[in-house]
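1. just need the structure, nothing else, for what follows:
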Amino acid sequence: MRTAGARRPGRRRMAALAAAALVGPTLATAQGADPFLLHEDNSTTVRATLQFGANLVSEGNLFWNLADFAAPGSGFDSDATWLEIYVKPGLSFETALDNGAAIYGRLSAVASYTFGTDAFDVSDTGRLTLEESYAGVRLPLGDGPVLDVSLGARELRLGTGMLISDGASDGFERGALKFGPRRAWEMAAIAELTAGDTTGTLFYIDPRELPGSDNGNALAGLDLRYDDPAGGYLGLTYVNVLESRAPYPQVVGGAPNIIPGAREGTNTLNLYARTNPFAGALEGLYLTTDLAYQWNDRIDLTSWAGRVQVGYTFADAPWSPTISYGYQTFSGDDPDTPELERFDPLYYDGSPSAWATGSKSAMVFINSNVQSHNLALSLQPTQRDTFTFRYAHVRANELGSPLQFGQATRPGGAGADLVTGVTDAHLSDDFFIEYRRIINRNTFLTAGISVAVPGEGIRSAFPGEDPNWVGGFVNVVFNF
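-> Next up is the predicted model:
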């Protein structure tokens, strides 16, 4: 299961990928020789890559000091400061064939470490793990369509990242909880057919789970996507869980029940779309939507989720402000029915710019039985500097229904569920300010501060001081 802190403030992909469009010419163009280009001839290119980063994190009143109420004898320290580092070396190749086809592949690894004790009470640990190791072939089919087939450990993100994005786990014994540098699935078989602006993708994926919480998950499905040349897209994803030992919580007669191996056989359909429907004065307006329906006849599961967003970019105004509002919701189990209505978000991208339900609350709740209203304002005073302000009002969908703790929890572990749910829907109000700086073509700085104010649902479930949960981070990523 994916660590909860990483696709939150300070998380992997950091400014390096967020600023990729602004980086401009490559290092080779700027300086002549490219030290990472190891070989190049008429048909074959071999290139090395290197990414590394350091992230200093400090948190106060972690999880609103709930440990003082739920586990007063645990010795858990609700104030923590730690340093995360990682390095990711890689090697890729591509060979062009005479018929226009190409053979390609990539090999990479991640070494990560945490100095100090992180938010989940894990200290001074890290691991070296394989990241990518795949090979593929790209075949032109006549004058238009192209078939791309690959096999091995690699990244795969579908749609907006609502269901399929993060293929590997970080935190715990692997360290780098917030950075989350691992992304690749442990095994992925992908066949992609592109014809014009339409792409179809068949896939089989097996996540790289933590050894201590490996539930034997394997998934397969199909994604169909159309990209409008004028901007926007329309897509549909189907995912089936072929194998899994992961449990689901369910409310039975007012009490929580754990269904072992419930995820196996779960099916999900996800419709996603974005459009820029207007020209002229409203050219900067965009609309997005995601709708998901989920079912599993074996356990009588029917659930749903969705999001709508509207935003506007004032391209001609000073600092090019972009403002957006979004509402996202994920069904919870209705305690008044015998059926199961809990939505399973699978392997979603939980960064604040993607599918986090609150900047800090995303470390506590996965996208199940929650909803949130999200406001964001982005300002770019220079081409190198970006400020983003985010607010999330987080609520429960079903009262008296389990609120599953974040993706870092291990099934059956202490504090894995708020088993009694809440009696008031208001969970938290999250405020997050992030600053990103492009230092140079290869170096990126990100810093942020955030505050989560507990709502009445948290205050009534865990009576006590319930202080504001505060935190900050600063990190630097080098990407060659």
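
2. C-alpha from now on. contacts and neighbour counts both.
-> Noted.

3. tell me the helices and strands packed up against the strand or helix carrying Pro89.
-> Following DSSP states H and E, one finds Pro89 within strand 80-96. Contacts defined by 3 or more Cα pairs under 8 Å, 6 or more residues apart in numbering; DSSP states H and E place strand 80-96 against strand 44-60, strand 102-117.

4. any chance of these in a markdown table, with distance to Pro381, mean pLDDT and mean neighbour count too?
-> Compiled in a markdown table, the helices and strands packed on strand 80-96 are given as follows (distance: least, Cα to Cα, whole Å; pLDDT from 0 to 100; neighbours: other Cα atoms under 10 Å):
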| stretch | distance to Pro381 | mean pLDDT | mean neighbour count |
| --- | --- | --- | --- |
| strand 44-60 | 25 | 97 | 19 |
| strand 102-117 | 34 | 98 | 20 |
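
5. so which of the ones you listed comes closest to Leu158?
-> strand 102-117 (20.2 Å; Cα to Cα).

6. report all helices and strands that the closest one contacts.
-> So strand 102-117, by 3+ Cα pairs under 8 Å, 6+ apart, packs with strand 80-96, strand 123-140.

7. show me what the longest one is packed against.
-> Right, strand 123-140. Here strand 123-140 touches strand 102-117, strand 146-154, going by 3+ Cα pairs under 8 Å, 6+ apart.

8. in TSV, list those strands along with distance to Ala354.
-> Below are the helices and strands packed on strand 123-140 laid out as TSV (distance: least, Cα to Cα, whole Å):
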stretch	distance to Ala354
strand 102-117	23
strand 146-154	21
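
9. so which of those strands gets nearest Pro402?
-> Nearest to Pro402, of all the helices and strands packed on strand 123-140, is strand 102-117, at 28.2 Å by Cα to Cα.

10. on that earlier part again, redo the helices and strands packed on strand 102-117 as a markdown table? Include mean neighbour count and mean pLDDT.
-> Below are the helices and strands packed on strand 102-117 laid out as a markdown table (neighbours: other Cα atoms under 10 Å; pLDDT from 0 to 100):
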| stretch | mean neighbour count | mean pLDDT |
| --- | --- | --- |
| strand 80-96 | 20 | 98 |
| strand 123-140 | 19 | 97 |
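
11. so which of these is nearest Pro335?
-> Closest among those, using Cα to Cα: strand 80-96, at 36.6 Å.

12. the closest one versus strand 123-140: what angle between them?
-> Interaxial angle of strand 80-96 relative to strand 123-140 (axes from the mean of the first three to the mean of the last three Cα atoms, to 10 degrees): 20 degrees.

13. partner residues bridging Arg106?
-> In this structure, Arg106 bridges to Ser92, Tyr134 when assessed by DSSP bridges.

14. also Tyr327?
-> In beta-bridge terms (that is, DSSP bridges), Tyr327 pairs with Val308, His373.

15. distance check, the residue lying closest to Pro247 once chain neighbours are set aside against Ala246.
-> Excluding the flanking residues, the one nearest Pro247 by Cα to Cα, 6 or more residues apart in numbering is Pro260, at 4.4 Å. Pro260 is 7 Å from Ala246, where distance means Cα to Cα, to the nearest Å.

16. who has more neighbours out of those two?
-> Ala246 (18 against 13; other Cα atoms under 10 Å).

17. who touches the helix or strand hosting Leu193?
-> Using DSSP H and E, Leu193 maps to strand 185-195. With contacts defined as Cα atoms under 8 Å, 6 or more residues apart in numbering, strand 185-195 is touched by 131, 144-156, 166-168, 199-208.

18. same question, stretch 129-140
-> With contact meaning Cα under 8 Å, 6+ apart, stretch 129-140 is reached by 100-111, 146-155, 182-184, 186.

19. just the CA trace of that stretch, in CSV.
-> Only the C-alpha atoms of stretch 129-140 are listed here, as CSV (Å, rounded to 0.1, in the frame of the first residue of the first chain):
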residue,chain,number,x,y,z
THR,A,129,15.5,-1.4,-4.6
LEU,A,130,15.1,-2.0,-8.3
GLU,A,131,12.8,0.6,-10.0
GLU,A,132,12.6,0.1,-13.7
SER,A,133,13.7,-2.9,-15.8
TYR,A,134,11.7,-3.3,-19.0
ALA,A,135,12.1,-3.7,-22.7
GLY,A,136,9.7,-3.0,-25.5
VAL,A,137,9.2,-2.7,-29.2
ARG,A,138,7.4,0.0,-31.2
LEU,A,139,5.9,-1.1,-34.5
PRO,A,140,4.3,1.1,-37.2
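
20. for this structure, which spans come out with low pLDDT?
-> For the chain, the stretches flagged by pLDDT under 70 are 1-32, 254, 281, 404-420.

21. show me the strands in the stretch 251-400 of the chain, by range?
-> Assigned by DSSP state E, counting those that start in this stretch, the strands in the stretch 251-400 of the chain fall at 255-259, 267-275, 285-296, 301-313, 322-330, 370-379, 385-396.

22. mind giving me the packing neighbours of the last one?
-> Packing contacts for strand 385-396, counted by 3+ Cα pairs under 8 Å, 6+ apart, involve strand 370-379, strand 426-440.

23. how much does the last one deviate in direction from strand 385-396?
-> Here strand 426-440 runs at 160 degrees with respect to strand 385-396, directions being taken by the same axes, to 10 degrees.

24. cool, and the first one?
-> When the same axes, to 10 degrees is applied, the directions of strand 370-379 and strand 385-396 differ by 160 degrees.

25. pull the residues that contact strand 370-379.
-> With contacts defined as Cα under 8 Å, 6+ apart, strand 370-379 is touched by 319-332, 357-358, 386-397, 403.

26. please apply the same query to stretch 297-305.
-> 262, 265, 291-296, 328-332, 339-343.

27. can you do 10 Å?
-> With contact meaning Cα atoms under 10 Å, 6 or more residues apart in numbering, stretch 297-305 is reached by 162, 248, 259, 261-270, 290-296, 328-333, 338-345, 367-371.

28. how about stretch 65-78?
-> Stretch 65-78 has contacts (Cα under 10 Å, 6+ apart) with 59-64, 79, 117-121, 414-415, 418, 458-459, 461-469.

29. in helices only, show me the residues you listed.
-> Of the contacts of stretch 65-78, the ones assigned to helices by DSSP state H are 458-459, 461.

30. will you turn the residues you listed into CSV that also has neighbour count and distance to Gly73?
-> Shown next, in CSV, are those (neighbours: other Cα atoms under 10 Å; distance: Cα to Cα, whole Å):
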residue, neighbour count, distance to Gly73
Ile458, 22, 21
Arg459, 20, 20
Ala461, 16, 19
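
31. so for Asn479, which of the helices and strands packed on strand 102-117 sits nearest?
-> Here strand 80-96 is closest among the helices and strands packed on strand 102-117 (Cα to Cα), at 9.4 Å.

32. from the centroid of this protein, which residue is nearest?
-> Nearest to the geometric centre of the chain sits Asp349, at 1.8 Å (Cα atoms, centre = their mean).
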